[in-house]
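In: test case, fold it:
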Amino acid sequence: MAALELIDLGVFGVDARGRLYYANHAARELARAGEVLAVRAGRLRCVGGWNRTCFEQVIARVALEKHSASLRLHGCGAVPESVIVVTHACTLSGATEVVGEAPDRVLVIVDQPERRRLPDAGQLRELFELTAAESRVARALAMGLSLEDYAVTHGLQPSTARSQLRAVLRKTGCNRQQTLIRLLVGIPAAPH
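Out: Next up is the predicted model:
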């Protein structure tokens, strides 16, 4: 339970009708924002047109058939797209702590990649023995900044930024910038 409070994935425990039994901190934050999912009258609801029907059908189907399903919910405007995995609670060991032992209970796991926290510069230095400059360029790339924009923003020559990137790639064991970005966004941010 304590570990679920530290992760950036929203984890909801619900029954086949969407009645809420559990929500970790990220899930509570998502529900409070009400942009993708919301809790209304004690039930987890999807916000927006066709998403709502699809979401409710997936929860009911997973509860009945006891398997997992994945779906993408499209946000509106500035709201990022969300990836949701719905899995039957019995398929996860230890999940009964979260949603109990009722046979129709499922876990709804929500990932919003756009809102995921990245490791801070200190954490990257510690993990990969990066210099301060190398950790800054690594974080900037993971946040979606291009190497050229990073160089301009920090008053660097493009060759200096490329040199820093090569050092980061070497120290992290990555062979390409895309691989580095995938690695960095997959590292859980240390809690503050």
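
In: the closest residue in space to His88 that isn't next to it in sequence: how many residues sit nearby?
Out: If the residues on either side of it in the chain are set aside, His88 comes closest to Lys66, at 4.4 Å by Cβ to Cβ, 6 or more residues apart in numbering. Any C-beta I mention is one placed from the backbone N, CA and C, and that applies to glycine too. Neighbour count for Lys66, taken as other Cβ atoms under 10 Å: 15.

In: again, but for Thr53
Out: 10.

In: element containing it?
Out: helix 49-65 (DSSP states H and E).

In: what packs against that helix?
Out: With contacts defined as 3 or more Cβ pairs under 8 Å, 6 or more residues apart in numbering; DSSP states H and E, helix 49-65 has these neighbours: strand 43-46, strand 68-73, strand 82-88, strand 106-111.

In: relative to strand 82-88, how tilted is the second one?
Out: Interaxial angle of strand 68-73 relative to strand 82-88 (axes from the mean of the first three to the mean of the last three Cα atoms, to 10 degrees): 160 degrees.

In: next up, phi/psi of the residue nearest to His88, please.
Out: With angles defined as degrees, to the nearest 10, Lys66 sits at phi 60, psi 50.

In: does it touch Asp104 like I think?
Out: No: contact criterion Cβ atoms under 8 Å: Lys66 and Asp104 do not qualify, at 9.4 Å.

In: what about the helices in the chain?
Out: For the chain, the helices defined by DSSP state H occupy 2-6, 25-33, 49-65, 96-99, 121-128, 132-142, 147-153, 158-172, 177-185.

In: save the helices and strands packed on helix 49-65 as a markdown table, and put in distance to Arg19, mean pLDDT and mean neighbour count too.
Out: Formatted as a markdown table, the helices and strands packed on helix 49-65 follow (distance: least, Cβ to Cβ, whole Å; pLDDT from 0 to 100; neighbours: other Cβ atoms under 10 Å):
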| stretch | distance to Arg19 | mean pLDDT | mean neighbour count |
| --- | --- | --- | --- |
| strand 43-46 | 6 | 90 | 20 |
| strand 68-73 | 19 | 81 | 15 |
| strand 82-88 | 14 | 78 | 20 |
| strand 106-111 | 11 | 87 | 23 |
